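[1] Give me the fold of what follows.
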Amino acid sequence: MPRKLVLRIALTTAAITALALTVTATPAIANPEPSPTTASDVTAAYQLAECDPDGPTSADAALATQLNSSLQAKMRGYMSAYRVSCARMVIKAVHDRGLDPRAAVIAITTVIVETSIQNISEQVDHTSLGLFQQQDWWGSREERLNPTIATNKFLSTMLREYPNNTWMTAPVGEVCQKVQISAYPERYQPQAGDAQIIVNAILPYVRGNPAQPEDATGEAVDFDGDGRPDLVGTLADGTLRAYLGTGSPGVPGVAGRG
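    Numbering: from 1, shown residues only. Now for the predicted structure:
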């Protein structure tokens, strides 16, 4: 065999071997975990639209102070007069539609997760806008930034997905996910308890009887949607206190969480 041909074959074999080693040595790159949409970041600053055209009230500010010491999850310490005004408009939309307060708990759970109860007017996540981070197929920009319209769009979808009032017994987080179709379905249920506390605090103001806090008599309700009755009451200093039942479903638990 000619010398040049032997040398060429040797070099080709060496190149193939080196290429194989390079391919083998390259580690596989794992798909990164998707990060949550930044619209859900409670500490981030965004362009916001008013929820109440008249702005927050002094009652909203007082409730914010009260709620900041009562909430247990994401919104603890982050409630403001503005955020209370947004929650108030959502709860009012549910009340005006004649739905059970549980619908308000579902809606508030959703806006806690999606926007930390803020009416975001800039497109942070694709075309999403407003309290519920509704994308453009939900309606016009004006509709999605109108808390009453946006809430009613959310409620209409909920009622369609859960006919015959089945949303009344389904877990809160499950209902939120069914409507929102989020990439992070596990984020809703942990906020349901605080959503119930917020509804209990604000609903009397929406109804026009703020002197009588919701469930002040100690009526059992299911804050976190786990099928176990929970309790909420008002302490002597006006602080709301929630106790999550730990007993069997349908039977109040002995222990709780304040």
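
[2] Which SSE is immediately downstream of the helix or strand bottoming out on mean pLDDT in the chain?
    Across the helices and strands of the chain, the lowest-confidence element by mean pLDDT, DSSP states H and E is helix 3-25, at a mean of 46. Going down the chain from helix 3-25, the next helix or strand is helix 58-68, by DSSP states H and E.

[3] Which residues does that next one contact?
    Residues from elsewhere that reach helix 58-68 (C-beta atoms under 8 Å, 6 or more residues apart in numbering): 75-85, 88, 197-198, 201-202, 205, 210, 238-240. For glycine as for every other residue, the C-beta is placed from the backbone atoms N, C-alpha and C.

[4] So which bits of the next helix or strand after it are buried?
    Sequence order places helix 81-97 as the next helix or strand after helix 58-68, per DSSP H and E. In terms of neighbour count (16 or more other C-beta atoms under 10 Å), helix 81-97 has its buried residues at 81-95.

[5] Return the closest of those residues with respect to T151.
    A93 (3.8 Å; C-beta to C-beta).

[6] which stretches of the stretch 101-250 of the chain have low pLDDT?
    For the stretch 101-250 of the chain, the stretches flagged by pLDDT under 70 are 211-250.

[7] Go again with 50.
    214-220, 236, 248-250 (pLDDT under 50).

[8] Quick one: the helices in it, in order.
    In the stretch 101-250 of the chain, the helices defined using DSSP state H, counting those that start in this stretch lie at 101-115, 141-144, 147-161, 172-180, 192-207.

[9] The longest one: which residues count as buried?
    Going by neighbour count (16+ other C-beta under 10 Å), the buried part of helix 192-207 is 192-206.

[10] before we move on, what about the fourth one?
    Of the residues in helix 172-180, 172-173, 175-180 count as buried by neighbour count, 16+ other C-beta under 10 Å.

[11] ok, residues contacting that helix?
    102, 105-106, 109-110, 113-114, 132-133, 154, 157-158, 161-162, 167, 182, 185-186, 188-190, 192, 195, 224-225.

[12] do that again at 7 Å, thanks
    105-106, 109-110, 154, 157-158, 161-162, 167, 185, 188-189, 192, 225 (C-beta atoms under 7 Å, 6 or more residues apart in numbering).

[13] Okay, angle between that helix and helix 192-207 too, please.
    80 degrees (axes from the mean of the first three to the mean of the last three C-alpha atoms, to 10 degrees).

[14] Now do helix 172-180 and helix 101-115, the angle between them.
    70 degrees.

[15] And for the third one?
    Here helix 147-161 runs at 110 degrees with respect to helix 101-115, directions being taken by the same axes, to 10 degrees.

[16] Now do helix 147-161: which elements does it pack against?
    Applying 3 or more C-beta pairs under 7 Å, 6 or more residues apart in numbering; DSSP states H and E, we find helix 147-161 packed against helix 81-97, helix 101-115, helix 141-144, helix 172-180.

[17] quick one: K92 and V206 touch, right?
    Yes. Assessed by C-beta atoms under 7 Å, K92 is found in contact with V206 at 4.9 Å.

[18] Cross-check the contact I'm expecting between L129 and P147.
    No. When contacts are counted by C-beta under 7 Å, L129 is not listed as touching P147 (11.8 Å).
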